[in-house]
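Participant: Predicted model follows, preceded by the sequence.
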Amino acid sequence: MFKTRLCRLLDIKYPILQGGMAWVATHELAVAVSEAGGLGIIAAGNSPPDIVRDEIRKFRSLSSKPFGVNIMLKSPFAEDIVGLICQERVPVVTTGAGSPAKYIEYFRKHGIKVIPVVPTVSLAKRMEREGVDALIVEGTEAGGHIGDLTTMALVPQVAEEVSIPVIAAGGICDGRGFLAALSLGAEGVQMGTRFICSTECRVHPNYKARIVNSKDRDAVVLGKATGHAVRVLKNQFTREYSKLERDGLSTEKLGELGVGRLKLAALEGDTDKGFVMAGQIAGLIKDIKPCKEIIEDIIKEAKKRMETLASLKGGLG
Ligand code: TUI
């Protein structure tokens, strides 16, 4: 059940990917997700290639399952990471924060599957033409750097226009979201915030606690005016930052203020002065559990809800 083209493409049991979150998605998390039957992803973030190579090798020392590496295309090391991924023969690459067009042919030559994050229909169509294997269609509900269309509106519009598998992301954390995504035409999901709240995720416990204790309106967007929208959980720093944004502080100065803030929250646990990147679904996440349980609970819940929907059909005649 729920075996889609994505399962065959990536050689995974469940069509569930883990988001490539900088400072959060280390090999420990990726191993746990891949071992549980999903696709674990190591985030390169802004790290230099030596660090990422070490993470890839650590993954391989612990698991022989398929996995991916996420390239944040605005990283100063993006090009070096592309080379590293090919050298290390990583099976899957996901990309974020830009178009990977200039690297696609190179990846394909090395037999690496390419799955970019796209926030619009036009980029999705362009990426399909360039020869990518699947698309992560991410709605504005997601955490971190975001586009402005919702998952609900964007996923079916992309699914209508492309024939490669679509993976829905943004606002998904349980069996309801998973089933909804498949209903919209996706063949899999990617989750970030849900996997942060896993026992295997090495992020600081304060970061997980901030998510578990969050409510529906806590995930706010900063940087809209400067064209670098980022979704984070409200705290002392976001209040100060929003005020400076309203007061018209320059893009450059705002950028400087943000430097190191994700690391501060993720590694040092300063959830007052750091950026706690998380999606709008944070308010629904109430526990920290192993990745295997997260994935199996989603599949169980989705099956149960499918049966409920089927009985509804019976009831309607
Ligand atoms: O990339 C993300 N999420 C991110 S990136 C990020 S930045 C960062 N900050 C601190 C340390 C390390 C990294 C934080 N969160 N999600 C995927 C995503 N990609 N969302 C939106 C996009 C996107 C935007 C524009 C993809 C393509 C795109 O293309 C524009 C173009 O060039 O055509």
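Facilitator: Structure's in. What do you need? None of these values were measured; they are calculated from a predicted model.
Participant: And the strands in the stretch 51-200 of the chain?
Facilitator: Secondary structure of the stretch 51-200 of the chain (DSSP state E, counting those that start in this stretch): strands located at 67-72, 92-96, 113-118, 135-138, 144-145, 166-169, 188-191.
Participant: and residue 29, how far is that from the ligand?
Facilitator: 16 Å (C-beta to the nearest ligand atom, to the nearest Å). Backbone N, C-alpha and C define where each C-beta goes, glycine included.
Participant: Residue 285 too?
Facilitator: From residue 285 across to the ligand, the span is 18 Å (C-beta to the nearest ligand atom).
Participant: Tell me how many other residues surround that residue.
Facilitator: Neighbourhood size, residue 285 [other C-beta atoms under 10 Å]: 21.
Participant: who are the neighbours in contact with it?
Facilitator: If a contact means C-beta atoms under 8 Å, 6 or more residues apart in numbering, then residue 285 has 173, 193, 194, 197, 211, 212, 214 as its contacts.
Participant: The last one reaches residue 282, doesn't it?
Facilitator: Which is residue 214. Yes. Using C-beta atoms under 8 Å, residue 214 makes contact with residue 282 at a distance of 4.4 Å.
Participant: Confirm that residue 312 sits in a helix.
Facilitator: Yes. Counting by DSSP: H, G, I helix; E, B strand; the rest coil, residue 312 falls inside a helix.
Participant: What's the per-residue pLDDT of it here?
Facilitator: What the model reports as pLDDT for residue 312 is 87.
Participant: In terms of neighbours, single out the busier of residue 214 and residue 282.
Facilitator: The residue with more neighbours, out of residue 214 and residue 282, is residue 282; 25 against 21, by other C-beta under 10 Å.
Participant: Enumerate every residue touching the more buried one.
Facilitator: By C-beta under 8 Å, 6+ apart, the contact set of residue 282 is 143, 193, 211, 214, 218, 219, 233.
Participant: and those residues, which of them are in helices?
Facilitator: 193, 211 (DSSP state H).
Participant: Give the burial count for whichever residue of the stretch 151-300 of the chain sits closest to the ligand, as a bare number.
Facilitator: Scanning the stretch 151-300 of the chain for proximity to the ligand using C-beta to the nearest ligand atom identifies residue 262 as nearest, at 4.5 Å. For residue 262, the count of nearby residues is 23 (other C-beta under 10 Å).
Participant: Who are the contact partners of it?
Facilitator: Residues in contact with residue 262 (C-beta under 8 Å, 6+ apart) are 22, 23, 274, 275, 277.
Participant: of all the residues you listed, which two lie farthest apart?
Facilitator: Based on C-beta to C-beta, the longest span within these runs between 22 and 274 and measures 12.8 Å.
Participant: Settle it for me: which of those two has more neighbours?
Facilitator: residue 274 (25 against 20).
Participant: Now that that one has come up, it's in contact with residue 237, right?
Facilitator: Yes. Using C-beta under 8 Å, residue 274 makes contact with residue 237 at a distance of 6.8 Å.
Participant: what residues are shared contacts of residue 214 and residue 282?
Facilitator: Common contact partners of residue 214 and residue 282 (C-beta under 8 Å, 6+ apart): residue 233.
Participant: Can you tell me how far the closest residue to residue 68 other than its chain neighbours is from residue 221?
Facilitator: Among residues not flanking residue 68 along the chain, residue 92 sits closest, at 3.6 Å (C-beta to C-beta, 6 or more residues apart in numbering). Distance, residue 92 to residue 221, by C-beta to C-beta, to the nearest Å: 29 Å.
Participant: and these two? which has more neighbours close in?
Facilitator: Per other C-beta under 10 Å, whichever of residue 92 and residue 221 has more neighbours is residue 92, with 25 against 15.
Participant: Return the distance of the more buried one relative to the ligand.
Facilitator: Counting by C-beta to the nearest ligand atom - residue 92 and the ligand are separated by 15 Å.
Participant: Report the beta-bridge partner residues of that residue.
Facilitator: Per DSSP bridges, the residues bridged to residue 92 are residue 68, residue 113.
Participant: Which residues are in contact with it?
Facilitator: Residue 92 touches 10, 39, 41, 66, 67, 68, 69, 112, 113, 114, 115, counting by C-beta under 8 Å, 6+ apart.
Participant: Next: residue 108.
Facilitator: When contacts are counted by C-beta under 8 Å, 6+ apart, residue 108 is found next to 114, 131.
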